[in-house]
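J.: Sequence and predicted structure are below.
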Amino acid sequence: MEATSISSSRPDSVPLRDPVAESRRLVEAANRLGVVARVLGGAAVYLQAPAEGPLLPRPIKDIDVATHRGARTAVTQVLIAAGYAPDRMFNALHGAGRLLFYDEANARKLDVFIGDFSMCHQIPIADRLEREPLTLPLAELLLTKLQIVKLTERDQRDIYNLIYHHPVTDGDSSGIEGDFIAQVCARDWGLWRTAKSTIEHCQANIGSYGLDGESVGLIEERLALLRKGIENEPKSGRWRLRNRVGDRVRWYAEPEENAESD
């Protein structure tokens, strides 16, 4: 539900330099005003890591947040009050599903995903936003990385970090819900195809980071478990129909300019 008033309890209007601390500030500011906002991207991976930081640190350039459908006006007001400048042209064209803002003081971009996360593939994120206090649930957070067709080095680090710091579980939200990821992929052949390829890519490259054998073994074990779950999940009729076409037709979308998440 969209907040009706945010005139009181205005958050501090000066964005913090540290993107992880700033992400936390924004969620807390939104919460005070009755707006649900959760972090994704690299900042979320850091927020889900131990206090000493993730296994494979990497720079965080921008901030990404998600909110419910119908919250466009409320989240826009929250972010303007928090010191962000809206990209009015972009938001007018794409505001039903995505908004773009700028932290001009820190030369940083902020993306807002409304209802769904749409890049190379569409990930449903609206139904479970409140499961975590600061970030997307771990399963959805990992899916936003597994759906990337042209995987960057920073995205690969994020996948390793999530897999290393959190067990792959079956119906247990204390870890990465592998069953949830498998179910989402079983409904969408294109997402299944990309997620499988991304996991295989990560399995092949884990040895290039100079990690100790125990860490490598743990990551390999969890990636294999995740891949097995995705393969074994019963597939939908829609998935089976699309599987007949296979790679002969492109199975992913090309993200638009300014559409990359961190």
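T.: Looks like it came in fine.
J.: In CSV, could you pull the C-alpha coordinates for the helix ranked longest in the chain?
T.: The helix that spans the most residues within the chain, counting by DSSP state H, is helix 213-232. What follows is helix 213-232, C-alpha atoms only, in CSV (Å, rounded to 0.1, in the frame of the first residue of the first chain):
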residue,chain,number,x,y,z
GLY,A,213,40.9,-25.5,-0.4
GLU,A,214,38.2,-25.5,2.3
SER,A,215,36.6,-22.4,1.0
VAL,A,216,36.7,-23.6,-2.6
GLY,A,217,35.3,-27.0,-1.6
LEU,A,218,32.4,-25.4,0.3
ILE,A,219,31.5,-23.1,-2.7
GLU,A,220,31.8,-26.0,-5.1
GLU,A,221,29.5,-28.2,-2.9
ARG,A,222,26.8,-25.5,-2.6
LEU,A,223,26.9,-24.6,-6.3
ALA,A,224,26.5,-28.3,-7.2
LEU,A,225,23.6,-28.6,-4.8
LEU,A,226,21.9,-25.5,-6.3
ARG,A,227,22.4,-26.8,-9.9
LYS,A,228,21.1,-30.2,-9.0
GLY,A,229,17.9,-28.7,-7.5
ILE,A,230,17.3,-26.6,-10.6
GLU,A,231,17.8,-29.6,-12.9
ASN,A,232,15.6,-32.0,-10.8
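J.: Please renumber the chain so that the first residue is 13 from this point on.
T.: Right, with 13 as the first residue, what we last looked at is helix 225-244.
J.: what comes into contact with it?
T.: For helix 225-244, contacts defined as Cβ atoms under 8 Å, 6 or more residues apart in numbering pick out 67, 172, 175-176, 179-180, 182, 188, 190-191, 193-194, 197-198, 204, 207-208, 211-212, 214-215, 218-219, 223. C-beta: built from backbone N, CA, C; applies to glycine.
J.: Pull out the buried residues from it.
T.: Of all the residues in helix 225-244, those buried under the rule 16 or more other Cβ atoms under 10 Å are 227, 228, 230, 231, 234, 235, 237, 238, 239, 241, 242.
J.: repeat for stretch 30-37
T.: Those would be 31, 32, 34, 35, 36, 37, for stretch 30-37 by 16+ other Cβ under 10 Å.
J.: With stretch 68-83 instead?
T.: Buried, per 16+ other Cβ under 10 Å, within stretch 68-83: 68, 70, 72, 74, 75, 76, 77, 78, 79, 80, 83.
J.: which among these gets closest to residue 253?
T.: The closest of those to residue 253 turns out to be residue 78 (Cβ to Cβ; 30.0 Å).
J.: any idea whether that closest one is helix, strand or coil?
T.: Following DSSP: H, G, I helix; E, B strand; the rest coil, the label given to residue 78 is strand.
J.: Residue 62 reaches residue 177, doesn't it?
T.: Yes - under the criterion of Cβ atoms under 8 Å, residue 62 is in contact with residue 177, at a separation of 6.6 Å.
J.: higher neighbour count, these two?
T.: residue 177 (17 against 8; other Cβ atoms under 10 Å).
J.: And the more buried one, how close does it get to residue 169?
T.: 12 Å (Cβ to Cβ, to the nearest Å).
J.: where in the stretch 163-274 of the chain is pLDDT low?
T.: Low-confidence segments of the stretch 163-274 of the chain (pLDDT under 70): 269-272.
J.: all strands of the stretch 163-274 of the chain, in order?
T.: With strands called from DSSP state E, counting those that start in this stretch, the stretch 163-274 of the chain shows them at 180-181, 188-189.
J.: got the contact list for the first one?
T.: By Cβ under 8 Å, 6+ apart, the list of residues contacting strand 180-181 from outside reads 187, 188, 189, 190, 191, 234, 237, 238, 241.
J.: From the recorded domain assignment, give the ranges for this structure.
T.: The chain is divided into the following domains under automatic domain parsing: 13-147, 149-269.
J.: can you give me the helices for the stretch 13-162 of the chain?
T.: 31-44, 53-59, 84-93, 100-106, 150-158 (DSSP state H, counting those that start in this stretch).
J.: Can I get the ones you listed in JSON lines including mean pLDDT?
T.: Putting the helices of the stretch 13-162 of the chain into JSON lines (pLDDT from 0 to 100) gives the following:
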{"stretch": "helix 31-44", "mean pLDDT": "98"}
{"stretch": "helix 53-59", "mean pLDDT": "98"}
{"stretch": "helix 84-93", "mean pLDDT": "97"}
{"stretch": "helix 100-106", "mean pLDDT": "96"}
{"stretch": "helix 150-158", "mean pLDDT": "98"}
